[in-house]
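Chemist: this is a predicted model, with the sequence first.
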Amino acid sequence: MPKKANIFESFSHSAIQQFKEAFGIMDTDKDGLLSSSDLVAAFAAHGKNVGGGEAQAMLDEVDGPMNFTQMVTLFASKMAGGSDDDDVILASFEAFEMDGQIDAEAFRHSLMTFGNKFSASEVDDAFAEFKVDGGMIDAAHLKGLMVSK
């Protein structure tokens, strides 16, 4: 992604609004900065246990405090060109995973709502390859489909 004078020009107005909403959810103490305790609390509120060290490692990806602009800049750098390493892909699926399973409807919604949106037909094609039982996707099988490890 070419460097832009204003990082916000890299995203649509709708995407910026979604980022603002996400930042507001993660900034649990509402001080305008994300801290490791903010991330731990935000993940816990959504059923995902993340340790303070893991949360701090996320924050250490930027120089200085993680404010909204830093978060958008980080997203832009993460989305710029190329393909993700297998570890990044695995970590992205783990964000949805609980007890070895991924809620199929929540995953479907995310694929059709965020980032490079998939069409309903594309999602249906992908889901045809997944092991789904009782509305839950087998996370290990899904990860095996997506990476070479």
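Modeler: Nice, I can see it.
Chemist: chain center to stretch 124-141: distance?
Modeler: On the basis of Cα atoms, centre = their mean, to the nearest Å, stretch 124-141 is displaced by 19 Å from the centre of the chain it belongs to.
Chemist: end to end, how far does it reach?
Modeler: Stretch 124-141 has an end-to-end distance of 17 Å (Cα to Cα, to the nearest Å).
Chemist: what sits up against it?
Modeler: By Cβ atoms under 8 Å, 6 or more residues apart in numbering, the residues outside stretch 124-141 that reach it are 93-94, 96-97, 100-105, 107-108, 111, 118, 142, 145. In this view, the C-beta of every residue, glycine as well, is placed from N, C-alpha and C.
Chemist: for stretch 70-83, same thing?
Modeler: For stretch 70-83, with Cβ under 8 Å, 6+ apart as the criterion, the contacting residues are 1, 7-8, 10-11, 16, 19, 23, 34, 61-62, 64, 66, 115.
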